[in-house]
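Participant: just coords:
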């Protein structure tokens, strides 16, 4: 896990080396990822989920810092 705090943004990134998501699984009918996306939207943040280069998954949430 990394947290990158810049003057204009904050980015939280979590990664693992597991089996990752099957293609299309990030749009599944489950509630977990939908709730995470909803919560990110509530703070005007961007949520991304992607495969790691060497296997696993990277989840990142980035939002602007208040002025």
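Facilitator: Sure, I can see it. Computed from a predicted model, the values in this text were never measured in an experiment. Residues are numbered from 1 along each chain as shown.

Participant: just the strands in the chain please.
Facilitator: Taking DSSP state E as the test, the strands found in the chain are 2-5, 9-16, 46-51, 57-64.

Participant: May I see these arranged in TSV, with distance to residue 30 and mean pLDDT as well?
Facilitator: Heads up, the C-betas are built off the backbone N, CA and C, glycines and all. Rendered in TSV, the data for those read as follows (distance: least, C-beta to C-beta, whole Å; pLDDT from 0 to 100):
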stretch	distance to residue 30	mean pLDDT
strand 2-5	26	97
strand 9-16	18	96
strand 46-51	13	92
strand 57-64	15	95
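
Participant: most neighbours per residue, which of those strands?
Facilitator: The highest mean neighbour count among the strands of the chain, using mean count of other C-beta atoms under 10 Å, belongs to strand 57-64: a mean of 16.

Participant: Report the inter-axis angle for that strand versus strand 9-16.
Facilitator: Taking axes from the mean of the first three to the mean of the last three C-alpha atoms, to 10 degrees, strand 57-64 and strand 9-16 form an angle of 170 degrees between their directions.

Participant: what's in contact with strand 57-64?
Facilitator: For strand 57-64, the external contacting residues (C-beta atoms under 8 Å, 6 or more residues apart in numbering) are 8-16, 18, 20-21, 36, 40, 43-52.

Participant: re the thing from before, which of the strands of the chain sits closest to residue 31?
Facilitator: Distances from residue 31 to each of these were compared by C-beta to C-beta, and the smallest falls on strand 46-51, at 14.6 Å.

Participant: List the neighbouring strands of the closest one plus their orientation.
Facilitator: With DSSP bridges as the criterion, the sheet partners recorded for strand 46-51 are strand 57-64 (antiparallel).

Participant: Tell me how far the partner strand lies from the chain's centre.
Facilitator: 4 Å (C-alpha atoms, centre = their mean, to the nearest Å).

Participant: Count the residues that sit near residue 45.
Facilitator: The burial metric for residue 45, expressed as a neighbour count using other C-beta atoms under 10 Å, is 18.

Participant: Beta-bridge partners for the residue nearest to it when sequence neighbours are not counted, please?
Facilitator: Take residue 45 and drop its neighbours on the chain: the residue closest to it by C-beta to C-beta, 6 or more residues apart in numbering is residue 63, 3.5 Å away. Beta-bridge pairing of residue 63 under DSSP bridges involves residue 10.

Participant: No more questions from me, cheers.
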